[in-house]
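Undergrad: For reference, the sequence and a predicted model appear below.
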Amino acid sequence: MGITDKLSHSQHDHDPPDVLGDLMRGTLDHCVKCTICETFCPVANVTPLFPGPKTVGPQAERFRVRGEESQDHSLDYCSGCGVCTQVCPQGVHIAEINTQARAKLKERDGFSLRDRIIARPPLLGRAGTPAAPLVNKTLASRPLRLLGEKLIGVHHAAAVPTFAGRTFQGWAKKHQSPPAARRVAYFHGCGANWYEPVVGEKTVGLLEAIGCQVDVPRGQSCCGLPLQSNGQFDAARRYVRTMAKRLAPAARAGVDILGTSTSCTLMLKREAREILDLMEDPDLKVVSEHMYDICEYLVMLHDRGELALELQPLPMTVTYHAPCQQQGHGIGKPALELMALIPELTVIENDAVCCGVAGTYGIKVEKYEIAANVGRGLFDQIEDARPDLAVCDSETCRWHIEGSTGVRTVHPLEIIHRAAGLSSDAELRAPA
C-alpha cells in the first residue's frame with residue numbers, strides 16, 4: 001500500500017458513519033437484474049449516451065469505492081426523474097444511488113458557471129424581478145438567446161419562465177388571512193414567488209374559501225432541489241436547512257404545511273433526508289411529517305367530508321400529465337380525483353412517463369435534444385387531443401409542455417379555483 005493509499009484509507013477510517021448511505025447501498029443486493037428500470041427509463045430509451053439506471057446504478061455501485069467519484073461520465077446523463085426507483089420491484093434505491101454518485105463526479109470535475117447559476121433560483125429571481133420587462137424581452141430574443149447559449153450553455157430554444165415583475169411574498173405581506181377554525185401554512189416555492197405569483201394567490205384564495213386560515217411563513221427561499229440535482233450537495237444542504245428552519249415553527253405548532261410545487265414538497269418530505277443524509281436534522285424531520293402536496297391535502301379533506309366546495313360546471317377539455325416528482329410521493333394522482341368532481345369537465349390523462357425537462361436538465365445545451373425526444377410522446381398526445389388547456393402539477397414541466405406544444409398549461413389548483421367560481425375563464429386561460 002502506497003502513501004496515498006494509506007492517507008486515503010486513514011481518512012475513510014475516521015469519516016462519520018453514513019448510516020443512510022449504507023442502507024441505500026445495502027439495497028443493491030436486492031437487484032436481480034430484471035432490467036425493468038431500464039425498460040421504463042425515459043432517457044435510456046432515446047439516447048445511447050445513457051446506458052441505463054441499472055448499468056450506472058446498482059451494477060456500477062458494486063465497484064465504486066466509498067468516498068471516491070464515479071469514473072463513468074455517462075452517469076451525468078441521468079435526468080434524476082426517479083422513475084427507476086418507482087418501478088423497481090425489489091425496492092432498490094436506484095435514483096438516489098445515482099444522484100449521490102453523480103455528485104462525487106461533479107465534485108471532482110468542478111461545477112460550471114451555468115450549473116452554479118441555474119441551480120440558484122433566488123439569485124435569478126432577485127436579479128430578474130426588478131428589471132422584468134427588459135429581462136423578459138431578452139429571453140424572448142432569438143439572437144440574444146443564441147449568444148447566451150454560446151456563453152453559458154443554456155439552449156436557445158429551451159422553455160424558460162418569464163418574470164412576473166412582482167413576488168408572491170410581496171403580495172402575502174399585505175394580505176391578511178381571516179381567522180378560521182382550520183389553520184394551514186403555505187410553502188410557495190420559487191416558481192410561485194418569482195414567476196407565477198397568481199398560482200400562490202389562487203391557492204390562498206381557495207384555501208380561505210374552504211375555511212382555512214392561511215399563514216405564509218416569512219423568509220422562504222429555495223428548497224435546494226436544483227442544487228441537489230446539479231450535484232452541489234453542500235450548498236443544497238444549506239438551502240434545505242434554511243428552508244426547514246423557516247417552516248419548522250408552523251410544523252411544531254401542529255400546523256399542516258401545503259405546497260403547490262410537487263417537486264419542492266417531495267424534496268422536503270423525503271428526498272433531502274435520504275439523498276443529502278439529513279435524516280437527523282430536527283427541523284427537517286418535523287417539517288417532513290407535516291408536509292402535503294396541495295392536491296393531496298384537498299383530496300384528504302374530501303375523503304373526510306370536509307371539503308366545503310360547490311363546484312360549478314366547467315364545459316372544457318383538458319389533458320393531465322402527472323410529473324415524475326408527483327408520482328414520487330406515492331400518493332396516487334389526487335389532481336385527477338379532484339378534477340373528477342367538476343361537472344362537465346373532460347379530463348384526458350396522458351400515459352407518457354416523463355416530459356423530459358427534469359428541472360434544469362432539459363434546458364442545458366447538451367441535453368436539450370434528449371429532453372425533447374423524451375417528451376415527444378407526451379407532446380404528441382396533447383396536440384392530438386386538441387385540449388382547451390393542459391394540466392400539470394410541476395412548474396418546470398408546465399413551462400416545458402407549453403413551450404413544446406403551444407398549449408396553455410396550468411396547475412390543477414387553477415382548474416379547481418375556476419370551478420369554485422373564484423375566477424373567470426379569461427383569468428384561467430391568461431398567462432400567469
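TA: Okay, I see it.
Undergrad: which SSE is the residue nearest the centre of the chain in?
TA: Ranked by distance to the mean C-alpha position of the chain (CA atoms, centre = their mean), the top residue is residue 263 at 2.5 Å. Secondary-structure assignment from DSSP states H and E places residue 263 in helix 262-266.
Undergrad: got it, and residue 81?
TA: Per DSSP H and E, residue 81 falls between elements, in no helix or strand.
Undergrad: what's around it, how many residues?
TA: Look at residue 81: counted by other CB atoms under 10 Å, it has 28 neighbours. Any C-beta I mention is one placed from the backbone N, CA and C, and that applies to glycine too.
Undergrad: cool, and residue 77?
TA: Residue 77, neighbours per other CB under 10 Å, totals 19.
Undergrad: cool, and the one 10 residues further on?
TA: Residues contacting residue 87 under the criterion other CB under 10 Å number 17.
Undergrad: if I read this right, it contacts residue 41, doesn't it?
TA: No: applying CB atoms under 8 Å as the test, residue 87 and residue 41 come out as separate, 9.0 Å apart.
Undergrad: Show me what the helix holding residue 263 packs onto, helices and strands only.
TA: strand 291-293, helix 324-327 (3 or more CB pairs under 8 Å, 6 or more residues apart in numbering; DSSP states H and E).
Undergrad: And for that helix, what's in contact with it?
TA: 187, 189-190, 223, 225, 259, 291-293, 323, 325-326, 328-329, 359, 393-394, 396 (CB atoms under 8 Å, 6 or more residues apart in numbering).
Undergrad: could you redo the last one with a cut-off of 6 Å?
TA: If you take CB atoms under 6 Å, 6 or more residues apart in numbering as the criterion, helix 262-266 is touched by 189, 223, 225, 259, 291, 293, 325, 326, 328, 329, 393, 394.
Undergrad: ok, so what distance separates the residue lying closest to the third one once chain neighbours are set aside from residue 273?
TA: Read that as residue 225. Nearest non-adjacent residue to residue 225, counting by CB to CB, 6 or more residues apart in numbering: residue 267, 4.4 Å away. As defined by CB to CB, to the nearest Å, residue 267 lies at a distance of 9 Å from residue 273.
Undergrad: The two: which has the busier surroundings?
TA: More crowded of residue 267 and residue 273, by other CB under 10 Å: residue 267, with 31 against 21.
Undergrad: what residues are up against the closest residue to residue 204 other than its chain neighbours?
TA: When the adjacent residues along the chain are set aside, residue 204 lies closest to residue 214, with 4.9 Å between them (CB to CB, 6+ apart). Applying CB under 6 Å, 6+ apart, we find residue 214 in contact with 177, 184, 186, 204, 207.
Undergrad: Leaving out chain neighbours, which residue sits closest to the last one?
TA: Of all residues beyond its chain neighbours, the one nearest residue 207 is residue 214 (5.0 Å), with distances taken as CB to CB, 6+ apart.
Undergrad: The helix or strand harbouring that neighbour: partners in the sheet, and parallel or antiparallel?
TA: Here residue 214 sits within strand 212-215, counting by DSSP H and E. Within its sheet, strand 212-215 is paired with strand 182-187 (parallel), according to DSSP bridges.
Undergrad: what about the strand it pairs with, average pLDDT?
TA: In this model, strand 182-187 has a mean pLDDT of 98.
Undergrad: outside of it, which residues touch it?
TA: Residues contacting strand 182-187 (CB under 6 Å, 6+ apart): 211-217, 250, 255-259.
Undergrad: Could you rerun that using 7 Å?
TA: 203-204, 207, 211-217, 220, 247, 250, 255-259, 264-265 (CB atoms under 7 Å, 6 or more residues apart in numbering).
Undergrad: what do you get for stretch 370-381?
TA: By CB under 7 Å, 6+ apart, stretch 370-381 touches 42-43, 46-47, 319, 321, 350, 352, 354-357, 361-362, 400, 404-405.
Undergrad: Can you turn the buried subset of those residues into a selection I can paste into PyMOL?
TA: Here is the PyMOL selection string for the buried members of the contacts of stretch 370-381, based on 16 or more other CB atoms under 10 Å:
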select buried, resi 42+43+46+319+321+350+352+354+355+356+357+361+362+400+404+405
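Undergrad: Now intersect the contacts of stretch 370-381 with the helices, please.
TA: 400, 404, 405 (DSSP state H).
Undergrad: State the pLDDT value of the closest residue to the first one other than its chain neighbours.
TA: Just to be clear, that refers to residue 400. Nearest residue to residue 400, sequence neighbours excluded (CB to CB, 6+ apart): residue 357, at 3.8 Å. Per-residue pLDDT puts residue 357 at 96.
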